[in-house]
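Asks: Here is my input; please provide its structure:
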Amino acid sequence: MRPVCVLGNGQLGRMLRQAGEPLGIAVYPVGLDAEPEAVPYQQSVITAEIERWPETALTRELAHHNAFINRDIFPRLADRLPQKQLMDTLGLATAPWKLLSSPAQWPQLFAELGDFIIVKRRTGGYDGRGQWRIRPGDEATLPPDIYGECIVEQGIPFSGEVSLVGARNANGESVFYTLTHNLHQEGMLRTSVALPDMADQHVQQLAEKMLSSIMDHLNYIGVMAMECFIVGDHLLINELAPRVHNSGHWTQNGASISQFELHLRAILNLPMPQPAIFAPSVMINLIGTEINPAWLSLPLVRLHWYEKEVRPARKVGHLNVTDADKRTLQTTLQTLASLLPPEYQSSVKWAQDKLS
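Replies: Model prediction:
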């Protein structure tokens with residue numbers, strides 16, 4: 001098997017490495033500041049766990065590597081402006097939006113988009129960072145350096161958030177997981193629930209058609225995630241991630257092929273069958289929380305720990321809980337909630353309700 005170098009050595013690169021081991025695929029997550037001569041990139045396929053990166057000796061070298069998959073797509077999707085323009089070009093629904101260039105725009109923006117507007121930095125904002133929720137009068141509190149560096153979106157009263165994780169290979173073949181229901185709090189993903197036997201087939205097919213059109217248009221290879229708002233029986237695309245994604249972590253224990261293995265299969269042009277979904281699954285992000293060995297006393301709980309320093313608002317691991325019997329799953333979540341800090345209680349309750 002041809003080796004794979006992953007630009008970025010965070011938890012996504014780590015889990016790609018873990019997924020490659022059973023297949024005999026050597027995966028090397030590398031830091032952006034690594035010296036090129038220390039990285040076995042010459043004979044490798046190159047992928048990335050991040051959408052944008054600074055210029056370093058390594059990234060300058062990789063910029064000309066002919067096996068850097070999706071090399072020119074990453075910067076395009078890392079910037080919310082060309083990402084939104086792509087959606088418009090393909091006729092895919094998003095929240096109404098504008099480029100924010102000047103403070104003088106605000107009266108017109110409120111007139112066109114309404115009294116609740118989301119400001120998002122074009123690049124670098126994630127997990128709620130670099131985003132502001134603005135009502136008339138709040139615009140005066142915005143940092144002055146954002147103008148020209150942000151887009152604004154109409155605040156959407158949605159009924160739920162879902163994501164679709166899919167993969168495409170070099171032959172143009174695509175496969176998809178079931179839609180994942182997501183709960184965000186303070187801009188961060190807290191919990192995901194995948195319900196294979198309760199998927200709304202109309203919405204599932206709509207999402208697959210939307211993501212297929214994006215991947216086909218870009219000639220994209222590998223796993224991509226599409227986050228959407230549910231509005232009535234329609235979907236509005238919120239954001240795209242050209243990589244394995246947090247909301248797909250449940251696939252490690254709830255699918256026959258995880259998103260990490262699927263990505264490796266796609267970029268190495270290995271067989272890529274439709275993953276089988278075993279059972280309902282719940283993923284709980286561990287954010288700024290110390291590891292608790294008591295979690296392991298529950299037989300359905302699978303811990304994925306990133307071995308990172310625990311700091312507030314930092315993702316340090318996740319828990320996957322999967323079982324064919326929803327009542328058993330709900331009972332496990334109830335016990336698990338008692339072993340988690342108070343800030344997890346509402347998101348675990350949300351997951352239990354989704355399983356009802």
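
Asks: Could you list the low-pLDDT ranges of the stretch 251-356 of the chain?
Replies: Within the stretch 251-356 of the chain, no range satisfies pLDDT under 70.

Asks: Quickly note the distance from residue 342 to residue 122.
Replies: 36 Å (CB to CB, to the nearest Å). Backbone N, C-alpha and C define where each C-beta goes, glycine included.

Asks: How about residue 172?
Replies: Distance from residue 172 to residue 122, by CB to CB: 30 Å.

Asks: More neighbours: which of these two?
Replies: residue 122 (20 against 11; other CB atoms under 10 Å).

Asks: How about the contacts made by the more buried one?
Replies: 79-81, 149-151 (CB atoms under 8 Å, 6 or more residues apart in numbering).

Asks: let's see 6 Å
Replies: Going by CB atoms under 6 Å, 6 or more residues apart in numbering, residue 122 touches 79-81, 149.

Asks: Likewise for residue 49?
Replies: Taking CB under 6 Å, 6+ apart as the test, what residue 49 contacts is 6, 8, 10, 12-13, 243.

Asks: The nearest residue in space to residue 292 that is not next to it in sequence: how many residues sit nearby?
Replies: When the adjacent residues along the chain are set aside, residue 292 lies closest to residue 339, with 5.9 Å between them (CB to CB, 6 or more residues apart in numbering). Residues lying near residue 339 (other CB under 10 Å) number 16.

Asks: again, but for the one 4 residues further on
Replies: Neighbouring residues of residue 343 were enumerated by other CB under 10 Å; the total is 13.

Asks: Helices of the protein, start to end?
Replies: Using DSSP state H, the helices assigned to the chain run over residues 11-20, 57-62, 73-78, 80-90, 106-113, 201-218, 251-254, 259-267, 326-337, 345-355.

Asks: Out of those helices, which is the most enclosed?
Replies: helix 259-267 (a mean of 26; mean count of other CB atoms under 10 Å).

Asks: Centre of the chain to it, how far?
Replies: Taking CA atoms, centre = their mean, to the nearest Å, the mean C-alpha location of helix 259-267 is offset from the chain mean by 15 Å.

Asks: same check, this time on stretch 268-276
Replies: 20 Å.

Asks: ok, now stretch 118-131?
Replies: Going by CA atoms, centre = their mean, where stretch 118-131 is centred and where its chain is centred differ by 14 Å.

Asks: in it, what counts as buried?
Replies: Of all the residues in stretch 118-131, those buried under the rule 16 or more other CB atoms under 10 Å are 118-123, 125-127, 130.

Asks: Out of those, which comes closest to residue 321?
Replies: residue 127 (22.4 Å; CB to CB).

Asks: ok so, going back, got TSV for the contacts of residue 49, with pLDDT and distance to residue 75 too?
Replies: Putting the contacts of residue 49 into TSV (pLDDT from 0 to 100; distance: CB to CB, whole Å) gives the following:
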residue	pLDDT	distance to residue 75
6	96	17
8	94	15
10	95	19
12	98	18
13	97	19
243	97	13
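
Asks: In CSV, list these along with distance to residue 33.
Replies: Listed next are the contacts of residue 49 as CSV, based on distance: CB to CB, whole Å:
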residue, distance to residue 33
6, 15
8, 11
10, 14
12, 18
13, 14
243, 20
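
Asks: What is the most widely separated pair among those residues?
Replies: 10 and 243, at 10.9 Å, using CB to CB across those.

Asks: Looking at those two, which one has more neighbours?
Replies: With neighbours defined as other CB under 10 Å, residue 10 and residue 243 compare such that residue 243 has more, 24 against 15.

Asks: what residues are up against that one?
Replies: residue 49.

Asks: 10 Å - rerun?
Replies: 6, 8, 12, 16, 47-51, 70, 74, 77, 222-225, 259, 263 (CB atoms under 10 Å, 6 or more residues apart in numbering).

Asks: and if you look at residue 163?
Replies: 177, 179-182, 189, 192, 194, 207, 211, 225-228, 238-239, 241, 245-248.

Asks: Look up how far residue 251 lies from it.
Replies: Taken as CB to CB, the span from residue 163 to residue 251 is 12 Å.

Asks: list residues touching both of the two?
Replies: Joint contacts of residue 163 and residue 251 (CB under 10 Å, 6+ apart) are 177, 180, 194.
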